[in-house]
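Student: Predicted coordinates and the sequence they were generated for:
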Amino acid sequence: VSSTRQEGTDVIEYTRTSSCTLHLHLVIMRSPRRRGEVNKEWVEYMLTEFENRNSPGCEVTIKTWETSDGSKKGDGCIGDLLKLEVKATVKNNEKSIEKEYHHIIKFTSQDPIEKEFMKTFGNATREFLMYSEILEKLNDFQANLTNNKFPICIPTYVFGRHNDKEHVLVMENMNNVGYENKSKFELLNINEAKMALEQLARLHAISYVYDKTCNIKENYPGFDAQHFLNMSTSNLDLKIDMAVEFLKFQGEHKELINKILSSKTQIIEKAKRAFIKRDKPQIFCINHGDPWNNNILIRKANVSKSDIGVCLIDWEDVHWNTSAYDLHYFLAGAVTPELRVKHMDELLQFYHDHFTEVTNKLGSPIPNWNYNIFRDEYDAVSFWGLLESFGFCMEISEASKDWEAVNHDPTTNPVLKSIKQVYGKILVSMFIKPSLMDMFIKQDFKKWVEPLSKEMKSGKNPGLNERYLSNILEGDIRG
């Protein structure tokens, strides 16, 4: 076996001599590691691989192609998204057709420190596995048992590479097939919220039943992400302090301020215990991990009703947990406080009904999991969910646009890049220790507090103040 290196490819030549001679020439195109490395040859190679999954022997020849930004500041996207638009000729068995492709190319953050964190905590690995393996297995599993009655809607997986040196994920651009985000200022209405909860219920129910025979945590050990839960329950005291400070400069709510301060220790203690195993029944399953407004695509009104109403994207925070995590995260980050107050019971009952329907149809009805028991588990996580809702209010602040950089441009200075890589490795090795993790997250959060407080006190963003106050008052209403 001889191996040679050419620009952009690995070429492996294999020669076997006996009664016959076999010559095998295998070309494996190296994948781009950042947007600047995307070129026509790789796009043709990638699309040819995609077409050959269903129709072996295809060859894609590009006529025109272009790329553009797939995200902007304030979108909450850590990775680098690139829109890809292609017009091409697809040839198979002497037949040719003209075809257009509308895809999203996703790279990990190009910041060396952020990249080290993603590598250590396995975010990119889990997302790659969800698109390339797991979601397909879950959908095939339910399709075989229910005649595809409960599909989980995701963008079509087009291409992916994931190893120590390269990570790229290509998927269908759902905007081109009739899906779009709701505004962060508007959020989901009651019907859209139910469609999203239906998708979460399917993910939870199918993975719960599938795990009984396929042991997801054993086959995918990276999904048991305790460090992720440690991060999720950090920084709680600062969120409460910020709420108190906000109420003080409002000049009202003195009784509420005293109530919060007197119960601060209890709130933090209950929030930190949100995801422990309890004596009461719990449902553990795959959680999306980040089902807030910007990761939920809604079918446009003019699109065929036969299409599923909601599509979930951005699976970097997927992990194994109690289903209450996704539910609180969704209700904190995808609907308004007013909708929660008015329709909370209706939404949770809807979720429970659909979850139960799916598990029953899959032949695994869950004993001792009526609505009241389900609500007990949901309510046990409510203190954590309340504090999450405080954080999501900040997504509509002007200051948030300065926090969330789109990681398009890598560090160009090689010396500085090497220094940041070493610093990232040291930082991550310290960060994984729970006590230091809490300290780092608090320091990071404190950088947000000053510009946020300044914006709130200025009164120039009334929508931010109204939503933040509504979240605090909701917490009081719910005890």
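Tutor: Nice, thanks for sending it over. Residues are numbered from 1 along each chain as shown.

Student: Okay, strands next: where are they in the stretch 151-300 of the chain?
Tutor: Here the stretch 151-300 of the chain has its strands, by DSSP state E, counting those that start in this stretch, at 157-162, 167-172, 179-180, 284-287, 296-299.

Student: Need the phi and psi values for Cys153.
Tutor: With angles defined as degrees, to the nearest 10, Cys153 sits at phi -90, psi 120.

Student: who's in contact with it?
Tutor: Listed by CB atoms under 8 Å, 6 or more residues apart in numbering, the contact partners of Cys153 are 199, 308, 310-312. In short, each C-beta sits where N, CA and C put it, glycine included.

Student: From those residues, which land in strands?
Tutor: 310-312 (DSSP state E).

Student: Serialize the strands of the stretch 151-300 of the chain to JSON lines and add fields for mean pLDDT and mean neighbour count.
Tutor: Shown next, in JSON lines, are the strands of the stretch 151-300 of the chain (pLDDT from 0 to 100; neighbours: other CB atoms under 10 Å):
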{"stretch": "strand 157-162", "mean pLDDT": "96", "mean neighbour count": "20"}
{"stretch": "strand 167-172", "mean pLDDT": "96", "mean neighbour count": "22"}
{"stretch": "strand 179-180", "mean pLDDT": "94", "mean neighbour count": "18"}
{"stretch": "strand 284-287", "mean pLDDT": "96", "mean neighbour count": "24"}
{"stretch": "strand 296-299", "mean pLDDT": "95", "mean neighbour count": "23"}
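
Student: circling back to that earlier point, return the item of the contacts of Cys153 having minimum pLDDT.
Tutor: Note: of those, the lowest pLDDT belongs to Ile308, at 78.

Student: Please look at it and Asn148 and confirm they touch.
Tutor: No: Ile308 is beyond contact range of Asn148, at 11.3 Å (criterion: CB atoms under 8 Å).

Student: Settle it for me: which of the two has more neighbours?
Tutor: Per other CB atoms under 10 Å, whichever of Ile308 and Asn148 has more neighbours is Ile308, with 16 against 11.

Student: Without its sequence neighbours, what residue ends up closest to the more buried one?
Tutor: Spatial nearest neighbour of Ile308, chain neighbours left out: Cys153 (4.0 Å); criterion: CB to CB, 6 or more residues apart in numbering.

Student: repeat for Tyr208
Tutor: Among residues not flanking Tyr208 along the chain, Cys285 sits closest, at 4.1 Å (CB to CB, 6+ apart).

Student: Wait, that neighbour touches Lys212, no?
Tutor: No: between Cys285 and Lys212 there is no contact under CB under 8 Å: 10.9 Å.

Student: Quick one: the strands in the stretch 301-450 of the chain, in order.
Tutor: Using DSSP E, counting those that start in this stretch, strands in the stretch 301-450 of the chain cover 310-312, 319-322.

Student: residues making contact with the last one?
Tutor: So the one you mean is strand 319-322. 126, 216-217, 223-225, 228-229, 275, 282-287, 289, 377, 381.

Student: Derive a ChimeraX selection command for the buried subset of these.
Tutor: Command for ChimeraX that selects the buried part of these, burial taken from 16 or more other CB atoms under 10 Å:
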select :126,216,223,225,228,229,275,282,283,284,285,286,287,289,377,381
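
Student: Where does pLDDT dip in the stretch 301-450 of the chain?
Tutor: Along the stretch 301-450 of the chain, segments meeting pLDDT under 70 span 303-307, 402-413, 417, 423, 427-428, 430-438, 440-442.

Student: TSV for the strands of the stretch 151-300 of the chain, including distance to Asn368?
Tutor: Below are the strands of the stretch 151-300 of the chain laid out as TSV (distance: least, CB to CB, whole Å):
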stretch	distance to Asn368
strand 157-162	37
strand 167-172	39
strand 179-180	38
strand 284-287	15
strand 296-299	31
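
Student: Nearest approach to Leu84 belongs to which of the ones you listed?
Tutor: Distances from Leu84 to each of those were compared using CB to CB; the minimum, 7.5 Å, belongs to strand 167-172.

Student: can you pull out the helices in the stretch 51-200 of the chain?
Tutor: 112-121, 123-129, 135-146, 190-214 (DSSP state H, counting those that start in this stretch).

Student: same check, this time on the stretch 251-400 of the chain
Tutor: All helices of the stretch 251-400 of the chain, identified by DSSP H, counting those that start in this stretch, fall at 254-272, 324-333, 337-361, 371-380, 382-393, 400-403.

Student: can you tell which of the ones you listed is closest to Asn92?
Tutor: Among the helices of the stretch 251-400 of the chain, the nearest to Asn92 by CB to CB is helix 337-361 (38.1 Å).

Student: Return the set of buried residues in the closest one.
Tutor: Residues 337, 339-340, 343, 347-348, 350-352, 354-359, 361 are the ones in helix 337-361 that count as buried (16+ other CB under 10 Å).

Student: distance of Thr322 from Lys270?
Tutor: Noted for Thr322: a distance of 15 Å to Lys270, by CB to CB, to the nearest Å.

Student: The two - which one has more neighbours?
Tutor: Neighbours around Thr322 and Lys270, counted as other CB under 10 Å, are more numerous at Thr322. The numbers are 22 against 17.

Student: where's the more buried one relative to Tyr208, distance?
Tutor: Thr322 sits at a distance of 11 Å from Tyr208 (criterion: CB to CB).

Student: The closest residue in space to Thr89 that isn't next to it in sequence: neighbour count?
Tutor: Ranked by CB to CB, 6+ apart and with sequence neighbours excluded, the top spatial neighbour of Thr89 is Thr61, at 4.8 Å. Thr61: 12 surrounding residues under other CB under 10 Å.

Student: wait, what's in contact with the residue nearest to Ala274 when sequence neighbours are not counted?
Tutor: Once flanking residues are discounted, Ala274 sits nearest to Trp384: 3.8 Å by CB to CB, 6+ apart. Going by CB under 8 Å, 6+ apart, Trp384 touches 232-233, 270-271, 274-275, 328.

Student: Can you say which two of the residues you listed are spatially most distant?
Tutor: Largest separation among the contacts of Trp384 by CB to CB: Ser232 and Lys270, giving 14.1 Å.

Student: give the contact list for Val390.
Tutor: I think there's a mix-up here, since residue 390 is Phe and not Val. Contact analysis of Phe390 by CB under 8 Å, 6+ apart lists 239, 242-243, 468, 471-472.

Student: Let's have these in JSON lines, adding neighbour count and pLDDT.
Tutor: Formatted as JSON lines, the contacts of Phe390 follow (neighbours: other CB atoms under 10 Å; pLDDT from 0 to 100):
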{"residue": "Lys239", "neighbour count": "18", "pLDDT": "91"}
{"residue": "Met242", "neighbour count": "20", "pLDDT": "91"}
{"residue": "Ala243", "neighbour count": "23", "pLDDT": "94"}
{"residue": "Tyr468", "neighbour count": "26", "pLDDT": "95"}
{"residue": "Asn471", "neighbour count": "22", "pLDDT": "95"}
{"residue": "Ile472", "neighbour count": "23", "pLDDT": "95"}
